[in-house]
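> sequence and predicted structure below; questions after.
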Amino acid sequence: GQSLEQPSEVTAVEGAIVQINCTYQTSGFYGLSWYQQHDGGAPTFLSYNALDGLEETGRFSSFLSRSDSYGYLLLQELQMKDSASYFCAVREGSGSARQLTFGSGTQLTVLP
Amino acid sequence: DAGITQSPRYKITETGRQVTLMCHQTWSHSYMFWYRQDLGHGLRLIYYSAAADITDKGEVPDGYVVSRSKTENFPLTLESATRSQTSVYFCASSEGTSSYEQYFGPGTRLTVT
């Protein structure tokens, strides 16, 4: 089976930096994705790491350590609009079995 | 407009009734997925499809049926709705080689009374 752990809530102030951690246990790991979801909205893709290291996309960065079964999403220069839920998701399987298993999500609140 | 759409957006039904949620995508993505989202559980995969006429179970398939006769459509049917199936349902699609990047529809909020 598989399981993902991420904090349920994180609070930070506008302009700050926040890190959302994700640890996982899975039998067939191919990569770690991050998604953002605003209240009442649909999840939207942020980033993906298949290999160890840091991937940067604007204010957002994502990191993966396969040996530690650990990743994080780093949000810099926080803005009010970043208040949302953030989900890590493990990509597993091969061939026709390409699935994502999602964590329970981290609710980020950005304060003025 | 191109994209992925779901209908209806809101549905209230009674226990025991059959209800079908529709999903349509215009990208010709090979993969399509159905998730349910409940408080405290994140997104849980119900069924997915790798191509037309190819479907497979996800984490929580019981009580649901899917079909995919055309690449662009992936309907989800609750054969006999139960209160535990009250949830928000999201359909998603992805290209075959990039299933890590899925595009989600706006969701259907289903209430079973």
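Yep, that arrived. Numbering: from 1, shown residues only, chains lettered A, B, ... in the order given.

> residues contacting the residue nearest the centre of chain B?
With distances taken as C-alpha atoms, centre = their mean, residue B:34 lies nearest the centre of chain B, 3.0 Å away. Counting by C-beta atoms under 8 Å, 6 or more residues apart in numbering or on different chains, residue B:34 touches B:21, B:23, B:45-48, B:58, B:64, B:66, B:74, B:76, B:89-92. C-beta here means a position set from N, CA and C on the backbone, and glycine is covered the same way.

> what helix or strand is it located in?
In this structure, residue B:34 is located in strand B:31-38 according to DSSP states H and E.

> list the buried residues in that strand.
B:31, B:32, B:33, B:34, B:35, B:36, B:37 (16 or more other C-beta atoms under 10 Å in any protein chain shown).

> touching chain A at all, the longest strand along chain B?
Ranked by residue count and defined by DSSP state E, the top strand of chain B is strand B:42-51. Yes: counting by C-beta under 8 Å from any C-beta of the partner chain, chain A is contacted by strand B:42-51 at B:42, B:43, B:44, B:45, B:48, B:50.

> reformat these as CSV; add pLDDT and distance to residue A:21.
What follows is the residues of strand B:42-51 next to chain A, written out as CSV (pLDDT from 0 to 100; distance: C-beta to C-beta, whole Å):
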residue, pLDDT, distance to residue A:21
B:42, 87, 15
B:43, 94, 19
B:44, 95, 21
B:45, 94, 23
B:48, 93, 27
B:50, 89, 32
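
> for the nearest residue to residue A:32 once chain neighbours are set aside, give me its contacts.
Leaving aside its chain neighbours, residue A:32 sits nearest to residue A:71 (4.5 Å; criterion: C-beta to C-beta, 6 or more residues apart in numbering or on different chains). Counting by C-beta under 8 Å, 6+ apart, residue A:71 makes contact with A:21, A:22, A:24, A:32, A:49, A:62, A:63, A:64, A:65, A:88.

> what residues does the worst-scoring helix or strand of chain A on mean pLDDT touch?
Counting by mean pLDDT, DSSP states H and E, chain A has its least confident helix or strand at strand A:99-102, which shows a mean of 88. The contact list for strand A:99-102, computed with C-beta under 8 Å, 6+ apart, reads A:2, A:4, A:26, A:33, A:35, A:87-93, B:33, B:35, B:42-45, B:48, B:58-59, B:99-100, B:102.

> and that strand, how far out from the chain middle?
Taking the mean of its C-alpha atoms, strand A:99-102 sits 12 Å from the chain's own mean (C-alpha atoms, centre = their mean, to the nearest Å).

> right, and the helix or strand after it?
strand A:106-111.

> hmm, back to that, the strand holding residue B:34 vs strand B:42-51, what angle?
Angle, strand B:31-38 to strand B:42-51, by axes from the mean of the first three to the mean of the last three C-alpha atoms, to 10 degrees: 160 degrees.

> residue ranges with poor pLDDT in the chain?
Defaulting to chain A. Residue ranges of chain A with pLDDT under 70: A:1-2, A:93-98.

> actually it's chain B I care about, not the one you picked
Within chain B, the ranges that satisfy pLDDT under 70 run B:1-2, B:97-98.

> next up, the contacts around residue B:52.
The contact partners of residue B:52, by C-beta under 8 Å, 6+ apart, come to B:68, B:69, B:70, B:71.
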